[in-house]
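Visitor: give me coordinates for this.
(one chain, ligands or ions: 3)
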Amino acid sequence: MQQEQASGAPLRVALLGCGVVGSSVARMLVEHRDDLAARVGRPLELVGIAVRRAGRDRSDLPVDPSLFTTDAAELVTRADVVVEVIGGIEPARSLIESAMKHGASVVSANKALLAEAGPALYAAAAEHGVDLYYEAAVAGAIPILRPIRESLAGDEVRKVIGIVNGTTNYVLDKMDTTGQGFAEAVEQAQALGYAEADPTADVEGFDAAAKAAILASLAFHTRVSGDQVYREGITEVSAADVQAAREMDCVVKLLAICERTDTTGPDGQPTAGVSVRVHPAMIPRSHPLGGVRDAFNAVFVEADAAGQLMFYGKGAGGDPTASAVLGDVVAVARHRVGGGHGPGESAYADLPVLAMGQALTRYHISLDVADRPGVLAQVATAFAQNHVSIETVRQQIVDGDDAGDAGGATRAHLVVVTHSAPDAALAATVEALAELDTVREVTSVMRVEGD
Ligand SMILES: NC(=O)c1ccc[n+]([C@@H]2O[C@H](COP(=O)([O-])OP(=O)(O)OC[C@H]3O[C@@H](n4cnc5c(N)ncnc54)[C@H](O)[C@@H]3O)[C@@H](O)[C@H]2O)c1
Ligand SMILES: N[C@@H](CCO)C(=O)O
Ligand code: NA
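Guide: Ligands and ions are numbered 1, 2, ... in the order given. You can find the predicted model right below:
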């Protein structure tokens, strides 16, 4: 029976890129050949591997050396399934579009491309009657896109919060557990091979923003591109911020937050929108995302009927990412054998993407203030004038000697946690506080999530 299912003309698989992910995909395609054939119902034949440079020693890979080619454009014209693991926008985009035009279904791990040109690629897939799958593009091995795109298609997703960048999670975790500063923790991440020589895309939040755009598009049936995502990286996170979080029994995480908001418009009518943002935030250690250590990823989903769901695992690395790629290859290959297609683009809801200032957030603010009468009232007024409600205030007196002040003047350290308010109002409050002559320094400002 198994043999009968796996018989028939092989499906031709072309691999574009043979780097970290591509070499794992190639190896797994060869080593798991029989199982993959049985699962698909037809053999999968690797017909070519496009590489940038010919002549590199790739003898560690169990593939026929004649499969390597530098002519990716030609390779995509003779495949049933094209796997794109080159990365970047071009030539990946043109190669994918050409592959579709020549009738191939496409599997990609390319978050940057999907976040920039997802709708155009979906349109090309629809036009040519082929599939587009990209589970590996968000949170590597973790099955998260298919659960949102398919398993939760009957529910209403309200919120998706993810730790979707392993490098930054590693850096923040080290800052938390060792008290290291940002620069020192990044150096360690580089030494261990987590952070790249140029870690900009990770530490500045571009990688997470692309992933947030993809998650929000699928969760809210709305087009969200990477450049619509509010983005703050972790380069400004200080040891003082991490310490402030510890004192609240929280940890600092770089979060990708995709949220559907339902508000009442000026005309009294309900209006829905989506807020999509990437920034560092304090989150309680007891929250499922608070315990995500090292370079692991996790995505927390809240849906109306399903309630809270948590997805956890490896978001990067050759084999973990190849696991997601191969899962997609099997899915699109099964459609080739049995007929049918995977889901196309679902953007019917077309909700507005809200500006960051409209997002409802909570702030944790630490201030050094002069310890004299009326200071608390002044601080409270700054919040009230911006219509921001305070949840808690904690005050600690630091005497002059400890504070290093000449003359032994005392000062106080204030920690204020707000209720949720529009982000613009909170930012305006921080500006107003910094202007007060009794405020010596705003020592830490951090958003708070997950209560
Ligand atoms: N590495 C990970 O852990 C990981 C995780 C999830 C997703 N991804 C995504 O997977 C993709 C590949 O990532 P990677 O880590 O394997 O990158 P990589 O740099 O290790 O590999 C990319 C390979 O593509 C080759 N290449 C570039 N241009 C080419 C061309 N025109 N034709 C043929 N080959 C070409 C490069 O020489 C390189 O070997 C990216 O989109 C990345 O975002 C990677
Ligand atoms: N640079 C990414 C790789 C996975 O996309 C990370 O650190 O998570
Ligand atoms: Na994934």
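Visitor: interface residues of the stretch 301-450 of the chain facing ligand 3?
Guide: Within the stretch 301-450 of the chain, the positions near ligand 3 by C-beta under 5 Å from the ion are Ala324. C-beta: built from backbone N, CA, C; applies to glycine.
Visitor: strands along the stretch 301-450 of the chain, start to end?
Guide: Using DSSP state E, counting those that start in this stretch, the strands of the stretch 301-450 of the chain run over 307-314, 360-370, 390-398, 411-418, 421-422, 439-448.
Visitor: mind listing residues that contact the fifth one?
Guide: Outside of strand 421-422, the residues that reach it under the criterion C-beta atoms under 8 Å, 6 or more residues apart in numbering are Gly357, Gln358, Ala359, Leu360, Thr361, Arg362, Asn386, His387, Val388, Ser389.
Visitor: repeat that with 10 Å
Guide: Strand 421-422 is contacted by residues 354-363, 383, 386-389, 428-429 when judged by C-beta atoms under 10 Å, 6 or more residues apart in numbering.
Visitor: among the residues you listed, name the buried ones.
Guide: Buried subset of the contacts of strand 421-422 (neighbour count, 16 or more other C-beta atoms under 10 Å): Leu354, Met356, Ala359, Leu360, Thr361, Arg362, Tyr363, Phe383, Asn386, Val388, Ala428, Thr429.
Visitor: turn those into a markdown table, including pLDDT.
Guide: Listed next are these as a markdown table, based on pLDDT from 0 to 100:
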| residue | pLDDT |
| --- | --- |
| Leu354 | 95 |
| Met356 | 96 |
| Ala359 | 94 |
| Leu360 | 93 |
| Thr361 | 96 |
| Arg362 | 97 |
| Tyr363 | 98 |
| Phe383 | 98 |
| Asn386 | 98 |
| Val388 | 98 |
| Ala428 | 98 |
| Thr429 | 98 |
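Visitor: returning to what we had before: for Asp262, find the nearest of the strands of the stretch 301-450 of the chain.
Guide: Nearest to Asp262 among the strands of the stretch 301-450 of the chain is strand 360-370; the distance by C-beta to C-beta comes to 11.4 Å.
Visitor: tell me the angle that closest one makes with strand 390-398.
Guide: 20 degrees (axes from the mean of the first three to the mean of the last three C-alpha atoms, to 10 degrees).
Visitor: for the longest helix that the chain contains, list the C-alpha coordinates in CSV.
Guide: The longest helix of the chain (DSSP state H) is helix 318-338. Presented in CSV, the C-alpha positions along helix 318-338 are these (Å, rounded to 0.1, in the frame of the first residue of the first chain):
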residue,chain,number,x,y,z
GLY,A,318,19.4,25.2,10.4
ASP,A,319,17.6,22.0,11.4
PRO,A,320,14.7,23.6,13.4
THR,A,321,14.0,26.0,10.5
ALA,A,322,14.3,23.2,8.0
SER,A,323,11.7,21.3,9.9
ALA,A,324,9.1,24.0,9.2
VAL,A,325,10.3,24.3,5.6
LEU,A,326,9.9,20.5,5.0
GLY,A,327,6.5,20.6,6.7
ASP,A,328,5.4,23.1,4.1
VAL,A,329,7.0,21.1,1.2
VAL,A,330,5.0,18.1,2.3
ALA,A,331,1.8,20.2,2.4
VAL,A,332,2.2,21.7,-1.1
ALA,A,333,3.4,18.4,-2.5
ARG,A,334,0.2,16.7,-1.1
HIS,A,335,-1.9,19.3,-3.0
ARG,A,336,0.0,18.4,-6.2
VAL,A,337,-0.8,14.7,-5.7
GLY,A,338,-4.3,14.9,-4.3
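Visitor: following the helix or strand where Ala183 lies, which helix or strand comes up?
Guide: Per DSSP states H and E: Ala183 is located in helix 182-191. Scanning forward in sequence from helix 182-191 by DSSP H and E, the next helix or strand is helix 200-203.
Visitor: and that following helix, is it in reach of ligand 1?
Guide: No. Legend: contact between helix 200-203 and ligand 1 by C-beta under 6 Å from any ligand atom is lacking; minimum distance shown is 8.9 Å.
Visitor: what packs against that helix?
Guide: helix 166-178, helix 182-191, helix 206-220 (3 or more C-beta pairs under 10 Å, 6 or more residues apart in numbering; DSSP states H and E).
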